[in-house]
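> sequence first, then the predicted structure:
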Amino acid sequence: MNQMIFVNLPVKNLETTKSFFGKLGYSFNPQFSDDSTACLVISDTIFAMLLTEPRFKEFTKKEIADTSTTTEVLLALSAESREKVDELADAALASGGSPANDPQDHGFMYGRSFQDPDGHTWEVVWMDPAAVEGQQG
């Protein structure tokens, strides 16, 4: 499985943002979109999850960055296995990173997160390929 990246971006008005990216020729995956989230397909392995600010707040303990004065994103990387999730998160913590959120274990999906030395939050996630394929049909 190729490693993928999911960039999570808070948005003030989801429909305005979807319209903008639609005009640029991008598509959205409706399976992972709802009234508070739109999955922007950038490539086969790169996606931006456009989240309304209230929805975005469910994923972070920090305030949403004021993009008129600062820049902030949540970066998510896929991993080949649960063990690879732990290896990357443990290495980050051993190398000067700090814990971000509690580990998440949903059986078919497992993830951990950390903050890099600059305070950017990185999430490392493994999803059971069989569960993902089951959702595709």
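Done, it's in.

> got phi/psi on the residue lying farthest from the centre of the chain?
Within the chain, K23 marks the point farthest from the mean C-alpha position, 23.3 Å out by CA atoms, centre = their mean. When read as degrees, to the nearest 10, the backbone of K23 gives phi -70, psi -20.

> confidence score at it?
As predicted, K23 sits at a pLDDT of 82.

> and if you look at S19?
So S19 comes in at 87 (pLDDT).

> buried residues of the helix or strand where it lies, list them for me.
With secondary structure defined by DSSP states H and E, S19 is part of helix 14-23. Counting neighbours by 16 or more other CB atoms under 10 Å, one finds that the buried residues in helix 14-23 are L14, T17, K18, F21. Where C-beta positions appear, they are placed from N, C-alpha and C, glycine not excepted.

> and if you look at stretch 100-117?
So stretch 100-117, judged by 16+ other CB under 10 Å, has buried residues A100, Y110, G111, R112, S113, F114, Q115.

> again with stretch 36-55
Buried residues in stretch 36-55, defined by neighbour count with 16+ other CB under 10 Å: T37, A38, C39, L40, F47, A48, M49, L50, L51, T52, R55.

> what's in contact with the host helix or strand of G111?
Element membership for G111, per DSSP H and E: strand 109-115. For strand 109-115, contacts defined as CB atoms under 8 Å, 6 or more residues apart in numbering pick out 82, 85-86, 89, 92-93, 97-101, 103-104, 121-128, 131.

> quick check: what element follows it along the chain?
Counting by DSSP H and E, the next helix or strand C-terminal to strand 109-115 is strand 121-127.

> pairing partners for that following strand, with directions?
According to DSSP bridges, strand 121-127 forms sheet pairs with strand 74-78 (parallel), strand 109-115 (antiparallel).

> if you average pLDDT over each of those, which is lowest?
Ranked by mean pLDDT, the strands paired with strand 121-127 bottom out at strand 74-78, with a mean of 81.

> now it: buried residues?
Applying 16+ other CB under 10 Å to strand 74-78 flags L74, A76, L77, S78 as buried.

> report the mean per-residue pLDDT for the next helix or strand after that strand.
Next along the chain after strand 74-78, taking DSSP H and E as the criterion, comes helix 82-94. Mean pLDDT, helix 82-94: 93.
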